[in-house]
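>>> have a look at this prediction, sequence included:
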Amino acid sequence: MSITDSRKKSLSEAFVNSFGGYPIGYGLGIVILPLSVGWIQKDPLTVNLLITFIYACASFARSYFLRRIYEKHGFDDNFIRLGKKCILKIINQVKK
């Protein structure tokens, strides 16, 4: 098993992707759902397909960009260790 595709890395990436989707989905819901209220009563099939397509595109873009970030920065550690490293780095910079 190589470091570039370890189980810990995959788990970490899936965790960030899944829980990173909550604020994005919430924001999309605030924008999309009020805009579709009147239209959804007239043509529910089309509106539901459109809303689903928008959420799927947002999910695809989020997954793609997170994967690129993981590869670009060489994240080969799990999410908890990365968080600890980031916090320690910030603390060290604040102390300087």
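Yep, it's here. Numbering: from 1, shown residues only.
>>> now the helix or strand harbouring residue 47, how far from the chain's geometric center?
For residue 47, the host element (DSSP states H and E) is helix 44-73. Put simply, helix 44-73 sits 9 Å off its chain's centre (CA atoms, centre = their mean, to the nearest Å).
>>> for that helix, buried residues please.
Neighbour-count burial for helix 44-73, counted by 16 or more other CB atoms under 10 Å, picks out 47, 51, 55, 58, 62-63, 66, 70. The way it works is simple: take the backbone N, C-alpha and C, and place the C-beta from them, glycine included.
>>> of these, which one scores lowest on pLDDT?
Looking at the buried residues of helix 44-73 by pLDDT, the weakest one is residue 70, with 74.
>>> any chance of the buried residues of helix 44-73 in a markdown table, plus distance to residue 84?
Formatted as a markdown table, those follow (distance: CB to CB, whole Å):
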| residue | distance to residue 84 |
| --- | --- |
| 47 | 45 |
| 51 | 38 |
| 55 | 33 |
| 58 | 29 |
| 62 | 24 |
| 63 | 25 |
| 66 | 20 |
| 70 | 17 |
